[in-house]
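**Q** got a sequence here, can you model it:
(2 chains)
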Number of protein chains: 2
Amino acid sequence: MQLIYLPQSLDARSSYGVRAFRSHFARPVVFVPRRPRLPLLSVKAAKDPSGPKVAIAGISGAVGQEFIRVLTERNFPYSEIKMLASSRSAGKEVEFDGETYVIEELTEDSFDGVDISLFSAGGSISKKFAPIAAAKGCFVVDNSSAFRMADGVPLVIPEVNPEAMADYKLGKKKGGIIANPNCSTIIALMAVTPIHRAVGVKRMIASTYQAASGAGALAMAELEQQTRDVLNNDPVTMNIFSWQYAFNLFSHNSPMTENGYNEEEMKMVKETAKIWGTDAVSIAATCIRVPVMRAHAESINLTLCSELDEQDAKAILSKAPGISIIDDRANNRFPTPLDASNKDDVFVGRIRQDISQPGKSGLEIFVCGDQIKKGAALNAVQIAELIL
Amino acid sequence: MQLIYLPQSLDARSSYGVRAFRSHFARPVVFVPRRPRLPLLSVKAAKDPSGPKVAIAGISGAVGQEFIRVLTERNFPYSEIKMLASSRSAGKEVEFDGETYVIEELTEDSFDGVDISLFSAGGSISKKFAPIAAAKGCFVVDNSSAFRMADGVPLVIPEVNPEAMADYKLGKKKGGIIANPNCSTIIALMAVTPIHRAVGVKRMIASTYQAASGAGALAMAELEQQTRDVLNNDPVTMNIFSWQYAFNLFSHNSPMTENGYNEEEMKMVKETAKIWGTDAVSIAATCIRVPVMRAHAESINLTLCSELDEQDAKAILSKAPGISIIDDRANNRFPTPLDASNKDDVFVGRIRQDISQPGKSGLEIFVCGDQIKKGAALNAVQIAELIL
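**A** Numbering: from 1, shown residues only, chains lettered A, B, ... in the order given. Next comes the predicted model:
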């Protein structure tokens, strides 16, 4: 068995704000070996014979690895756990809760007897295997976009709309798919929903500052490598993105739709409508990729249905679950992606009355949230907790 | 005489998109020597005995150096030129148009007989010396914020409101101050004014992605050094900003005002009103500093006074002076800061009907512009050209 060393961008002790998801693998997977590191993180979860049988599909990806960390941090109960990936990673080993697991190839038989599976292996894998797993009585928490807008599939942020999956409980229902929203949607709605519940949001305009992690571990490695290249005056190589990422930014790389908005932007529009259960809120977004590793930021402008004082908005947000406020005007201290990196909470600041709208009918906020955690793995594990 | 080598971030041939403004100095100024580079750029301007006597105040700053480059590129006519700076830089040498100039200390006597001076030495220097120069019959183009909102001082983007300085002509008026707007204002209004002229803008919401250069050459060097530190796993040192800049972003470092908007944001609000000559447009901005070297980006949402089709908006912008369009939806190709770096034009893309507003009453665009060039030095030199 061979230790793998992640690119430094994925290491906890660097100033990227990126905590390690180091693990044992039989051979290095996609990650470039660097230098020997500290011993492995000690992982502790709650193995319990009465717990559910769990599977992770896509264990070798950035979110797959984060599942392990979040399950551990939250003492997620399990009696057995399966580590699933493509044939490329099958046979490699991964350590979890003090035990070593051999990664199995994801097949139609993988879900026999599995109660809960966490999927983060891309949309086409989800499309194929999530219905198979659900038909076998497994609850699938799917991190891809494959089923988010499907009728009958709950799209859930546990702090926002847990009621959408009220029936999805072990023993109450025989399996099913629950979709994890897009990271940008989750991070925005964590902050905007408490305002929406209080006074109603009529219109929301978001401009995002999105991290590399949303495009996966290879994109993070590309940002790191390109940055080294620029600093060394070497030519910059582009594999994941079509243009230079280091010391640059660009419109989100998702496909463009007919109305001139890209799919990432339309996810924010459509998913918000589904999660809030209303088409009455007007939403537009501009999604931009910035050279930051793993936490997204969003500048959000709200038009409210009735007036709300900025101090009241701050009070509402300070009581909201999963929200931390950093809003110190005197010291010009507001949320940054590094504040949010490796944190569960979404951070909110720049809470102020919108001066471009009459009276107190508008509000502006700036939010930062960890894309891999609350934007993906944490939210999925929280959904899994609701199933228990 | 000793060559100085700029930090790599300021070098043309790196992938920062930052072109050299290397010059001869008696001793290195603030810049860290790196490695020997190619011979000096060949500088050519238009020395002409009938041209005006010119002075540059703040020659050793990032914008001061860019003045030299822009004057050269545009063959700005001059009969004599003075290079002025603080006593710290006085005595050093700077090369321009094939001649070597000794930097003189900026004093009350500096402007005797000078026709046009370009100021970029900070607000307090402008406050003190610009009125002195103007009283001596000199036309001062001031890049600081000191006089922007002062009554009687034109605030000019030459493509937008040249009429505001119609009387400011050599031989027509005996000196005066003309203010150069804030970089974020210039870059936004270059793109939004043609739309405003066509159908009227009722409301503008901007979220910015601002480069290091706006905080000066030392901030650019800090971003470069911090990035090296992070990649080397070294502690990050913070001198210019109070928080980590590398692989991070943060709310603009300008002082906070009472309404919760920082001064950079309020400049966009107030300067736009002055330049457009109306208080009727509602404006709000969120200004964010991102780890990019020298070009700003802005996500801009517009509410229009009357409907405008996105194709018509694109046609209007494609005819606008100083604007280049990069708006290729099929290839997901839109403006980036690196596209705009070292370019005169402001680049516009993501031109689309705002889906959060009824019909064709809203428009969204994404703009990028070089902060040092059109955001500062180029705009100032264009103002100086209007004085001729």
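**Q** which residues in the stretch 51-200 of chain A form helices?
**A** A:62-73, A:123-135, A:183-199 (DSSP state H, counting those that start in this stretch).
**Q** the ones you listed into JSON lines, with extra columns for distance to residue B:377?
**A** Just so you know, the C-beta spots here come from the backbone N, C-alpha and C atoms, and that holds for glycine as well. Formatted as JSON lines, the helices of the stretch 51-200 of chain A follow (distance: least, CB to CB, whole Å):
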{"stretch": "helix A:62-73", "distance to residue B:377": "42"}
{"stretch": "helix A:123-135", "distance to residue B:377": "48"}
{"stretch": "helix A:183-199", "distance to residue B:377": "37"}
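**Q** out of the ones you listed, which comes closest to chain B?
**A** Closest to chain B of the helices of the stretch 51-200 of chain A is helix A:183-199 (CB to the nearest CB; 13.3 Å).
**Q** could you point out which element follows that closest one?
**A** Downstream of helix A:183-199, the next assigned helix or strand under DSSP states H and E is strand A:201-209.
**Q** how far off helix B:217-231 does the helix or strand just after that next one point, in degrees?
**A** Following strand A:201-209 in sequence order, the next helix or strand is helix A:217-231 (DSSP H and E). Orientation of helix A:217-231 against helix B:217-231 (axes from the mean of the first three to the mean of the last three CA atoms, to 10 degrees) gives an angle of 130 degrees.
**Q** does chain B have contacts with helix A:217-231?
**A** Yes - applying CB under 8 Å from any CB of the partner chain, one finds helix A:217-231 touching chain B at A:224, A:227, A:228, A:229, A:230, A:231.
**Q** neighbours around the third one, how many?
**A** When you say that, I think you mean residue A:228. 17 (other CB atoms under 10 Å in any protein chain shown).
**Q** identify the spatial nearest neighbour of it, chain neighbours not counted.
**A** Nearest residue to residue A:228 in three dimensions, chain neighbours excluded: residue B:231, at 5.8 Å (CB to CB, 6 or more residues apart in numbering or on different chains).
**Q** ok, residue A:127 next?
**A** residue A:146 (4.7 Å).
**Q** near chain B, which residues of the stretch 101-250 of chain A are found?
**A** Contact residues, the stretch 101-250 of chain A versus chain B (CB under 8 Å from any CB): A:203-205, A:207, A:209, A:224, A:227-231, A:233, A:235-236, A:242-244, A:246-250.
**Q** buried subset of those?
**A** A:203-205, A:207, A:209, A:224, A:227-231, A:236, A:243-244, A:246-250 (16 or more other CB atoms under 10 Å in any protein chain shown).
**Q** returning to that earlier point: which one of the residues of helix A:217-231 next to chain B is nearest chain B?
**A** For the residues of helix A:217-231 next to chain B, the nearest to chain B is residue A:230 (4.4 Å; CB to the nearest CB).
**Q** just the pLDDT for that closest one.
**A** Listed pLDDT for residue A:230 reads 97.
**Q** equivalent analysis for residue A:259, please.
**A** Here, the pLDDT recorded for residue A:259 equals 98.
**Q** quick check: the gap between it and chain B.
**A** 6 Å (CB to the nearest CB, to the nearest Å).
**Q** can you report phi and psi for the residue lying closest to that residue once chain neighbours are set aside?
**A** Using CB to CB, 6+ apart and skipping the chain neighbours, the partner closest in space to residue A:259 is residue B:355 (6.1 Å). Backbone geometry at residue B:355, expressed as degrees, to the nearest 10, gives phi -80, psi -10.
**Q** correct me if wrong: residue B:355 contacts residue A:258.
**A** No - counting by CB atoms under 8 Å, residue B:355 sits too far from residue A:258 to count as a contact (11.2 Å).
**Q** tally of neighbours for residue A:202?
**A** For residue A:202, using other CB under 10 Å, the count is 17.
**Q** do you know the pLDDT at residue A:45?
**A** The pLDDT attached to residue A:45 in the predicted structure is 73.
**Q** now it. Nearest residue, chain neighbours left out?
**A** Nearest residue to residue A:45, sequence neighbours excluded (CB to CB, 6+ apart): residue A:97, at 4.3 Å.
**Q** residue in the stretch 151-300 of chain A with the shortest distance to chain B?
**A** residue A:260 (3.1 Å).
**Q** per-residue confidence for the nearest residue to that residue once chain neighbours are set aside?
**A** Excluding the flanking residues, the one nearest residue A:260 by CB to CB, 6+ apart is residue B:352, at 3.1 Å. Looking at residue B:352, its pLDDT stands at 98.
**Q** what of the one 4 residues further on?
**A** Per-residue confidence at residue B:356 stands at 98 (pLDDT).
**Q** so it is in which element?
**A** Using DSSP H and E, no helix or strand contains residue B:356.
**Q** which ones are touching it?
**A** If you count contacts by CB atoms under 8 Å, 6 or more residues apart in numbering or on different chains, residue B:356 has them with A:203, A:204, A:205, A:282, A:283, A:284, B:362.
**Q** I'd say the second one and residue A:273 touch.
**A** No - here residue A:204 does not reach residue A:273: they are 11.0 Å apart, not a contact under CB under 8 Å.
**Q** which residues do these two both contact?
**A** Common neighbours of residue A:204 and residue A:273 (CB under 8 Å, 6+ apart) are A:281, A:283.
**Q** I am finished for the moment; much appreciated.
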